[in-house]
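# turn this into a structure:
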Amino acid sequence: MIDIGWLAENGPCETFGEGKMIPCIGGQGASKKNMYILVSGKVDVKAVSAKDTPPNPILPGGVFGGREFFTGEKENEYIASVDSVVYVLSEISFSELSRTQPGILFEILRAAYAPPNRLAAPVETVQPKPVEPVAAESIAEAEPNPAPPKADAPVSGPVQSSMPVTISAGNAVFPDGHKTYPGITKPDYLRLVYKKDYVCPFCKKKLTDFRIFGSKLYESAPMRFDLRKFYTGFQTEWYELITCRHCYFSTVHNYYTDAKPILKQKIENELAAARETVHLDFDAERDIDYVFASHYLALICADGYLSLANPLRAKIWGNLSWLYEDVEDKEMERFAAEKAAAAHEEVYSGTRLTPVQEQLTCLSIAGMQYRAGIDRNLRKFLFQVKTTKMGDKAYVIMAEDMMERLRENS
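The predicted structure follows:
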């Protein structure tokens with residue numbers, strides 16, 4: 001059973017307009033190969049050879065491009081007959097999916113090797129929430145009643161603007177050197193998020209926050225050496241964390257939907273102190289200061305997660321380094337990158353990792369050290385990426401590229 005709901009929310013997904021060719025071989029680099037699962041829409045199939053019987057159209061849940069992906073030979077052309085959203089399975093994401101969703105991968109492989117005329121027949125799917133690529137304005141017109149947004153309703157415009165963050169004397173949240181960055185908002189990001197109801201893992205109260213439309217994101221550039229991903233018209237750091245409006249508990253969104261055990265006594269005093277000195281207006285238009293606040297609150301809350309604390313800190317410090325990069329605060333960017341490298345080193349030394357996780361962690365350590373301008377055996381971690389058995393060759397290539405960068409700069 002292919003859970004296309006999971007694929008739609010977690011991506012990577014890409015939208016192809018009506019009449020657009022969906023490439024399986026080529027694209028960005030001659031060696032690039034992709035296969036796809038249709039999340040929504042319809043895809044026509046055209047046999048390359050006129051002698052072959054034209055395959056049936058692809059319907060939601062259908063897998064296509066598998067033969068091209070595994071053999072490198074072009075058998076069919078795939079054209080979106082209506083606006084269509086597809087989950088992109090690339091050479092890089094293949095091994096990660098095999099680790100996190102082996103059941104989905106099994107169904108993909110089964111469909112990929114089906115006879116040519118069965119390519120269009122979708123396997124049984126778990127249907128997602130609607131992810132049709134409809135403009136926010138059209139969605140707003142479809143709901144004329146001015147009722148509060150439903151859990152999966154896209155946001156149609158910015159909320160009322162005011163001051164989202166105020167800091168009192170005795171700041172217990174932000175580090176020395178952190179500044180405010182007034183006027184930096186991203187109203188266009190609202191078209192790629194929707195409102196969702198949550199229950200706070202800490203205070204158990206209900207709240208409404210945002211969730212990213214993973215199905216509407218597609219990468220605008222290759223993943224960078226420090227594993228930062230770039231998306232067209234969106235950066236996920238702005239909406240990856242959920243902050244409770246009641247108690248200020250803040251963490252990554254999946255820890256809200258899949259609650260993990262929390263030692264409340266480890267963080268309740270720190271969280272109380274944070275509420276006394278930093279005040280958030282959850283109804284104001286989100287700005288960069290609010291995003292920074294949610295991340296620093298999440299660092300406080302990470303200590304309540306025991307074995308998950310180090311991975312959380314590594315994730316949050318990495319996000320912070322990229323946010324400081326975006327506001328061109330070089331000093332704080334280096335500060336956060338060094339913190340991220342140290343947190344990833346804690347993960348590397350104290351956590352049992354799969355081969356791919358080990359590669360990703362070592363790349364993160366090396367990339368963050370490089371951005372921080374420090375070298376704590378940086379090349380050793382890149383060498384570990386290259387020599388990890390059962391690892392992903394795509395990450396080996398990234399490590400080799402970074403080694404070449406270091407040689408050029410030495």
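# low-confidence ranges, the stretch 151-300 of the chain, go.
Within the stretch 151-300 of the chain, the set of residues satisfying pLDDT under 70 comprises 151-163, 168-170.
# can you give me the helices in it?
With DSSP state H, counting those that start in this stretch as the definition, the stretch 151-300 of the chain shows helices at residue ranges 253-257, 268-277, 288-302.
# tell me the domain ranges of this protein?
If you go by automatic domain parsing, the domain ranges for the chain are 4-118, 150-351.
# looking at the ones you listed, spot the one closest to residue 363.
Set against residue 363 and scored by CB to CB, the domains of the chain come closest in domain 150-351, at 5.9 Å. Where you see a C-beta, it was placed from the backbone N, CA and C, and this is true even at glycine.
# for the stretch 151-300 of the chain, just list every one of the strands.
Across the stretch 151-300 of the chain, reading from the start of the chain, the strands by DSSP state E, counting those that start in this stretch fall at 165-167, 193-199, 206-212, 219-221, 230-231, 241-243, 250-252, 278-280.
# which residues are contacting the fourth one?
What it means is strand 219-221. Applying CB atoms under 8 Å, 6 or more residues apart in numbering, the set of residues contacting strand 219-221 from outside is 12, 229, 230, 231, 232.
# contacts only, for the third one.
It refers to residue 230. Counting by CB under 8 Å, 6+ apart, residue 230 makes contact with 219, 220, 221, 224.
# the third one pairs with what?
Just to be clear, that refers to residue 221. Bridge pairing for residue 221 (DSSP bridges) gives the partners residue 230.
# report how many residues lie close to it.
11 (other CB atoms under 10 Å).
# show me the contacts for the closest residue in space to residue 247 that isn't next to it in sequence.
Across the structure, with CB to CB, 6 or more residues apart in numbering as the measure, the residue nearest residue 247 apart from its sequence neighbours is residue 203 (4.1 Å). Residue 203 makes contacts with 244, 246, 247, 249, as judged by CB under 8 Å, 6+ apart.
# next one: the residue lying closest to the last one once chain neighbours are set aside from residue 290, what distance?
If you skip the residues right next to it in sequence, residue 249 has residue 202 as its closest partner in space, 3.7 Å away by CB to CB, 6+ apart. As defined by CB to CB, to the nearest Å, residue 202 lies at a distance of 19 Å from residue 290.
# that older thread, dump the strands of the stretch 151-300 of the chain to a markdown table, plus distance to residue 309.
Compiled in a markdown table, the strands of the stretch 151-300 of the chain are given as follows (distance: least, CB to CB, whole Å):
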| stretch | distance to residue 309 |
| --- | --- |
| strand 165-167 | 25 |
| strand 193-199 | 21 |
| strand 206-212 | 22 |
| strand 219-221 | 29 |
| strand 230-231 | 28 |
| strand 241-243 | 15 |
| strand 250-252 | 11 |
| strand 278-280 | 21 |
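# so for residue 334, which of those sits nearest?
Distances from residue 334 to each of the strands of the stretch 151-300 of the chain were compared using CB to CB; the shortest belongs to strand 230-231, at 20.4 Å.
# what about the closest one, distance to the chain center?
In terms of CA atoms, centre = their mean, to the nearest Å, the gap separating the centre of strand 230-231 from the centre of its chain is 9 Å.
# also stretch 281-289?
21 Å.
# could you do stretch 267-285 as well?
The gap between where stretch 267-285 is centred and where its chain is centred comes out at 26 Å by CA atoms, centre = their mean.
# next, the buried residues of it.
With burial defined by 16 or more other CB atoms under 10 Å, the residues of stretch 267-285 counted as buried are 267, 270, 271, 274, 278, 280, 281, 284, 285.
# do the same with stretch 326-342
Buried residues in stretch 326-342, defined by neighbour count with 16+ other CB under 10 Å: 329, 332, 333, 334, 335, 336, 337, 338, 339, 340, 341, 342.
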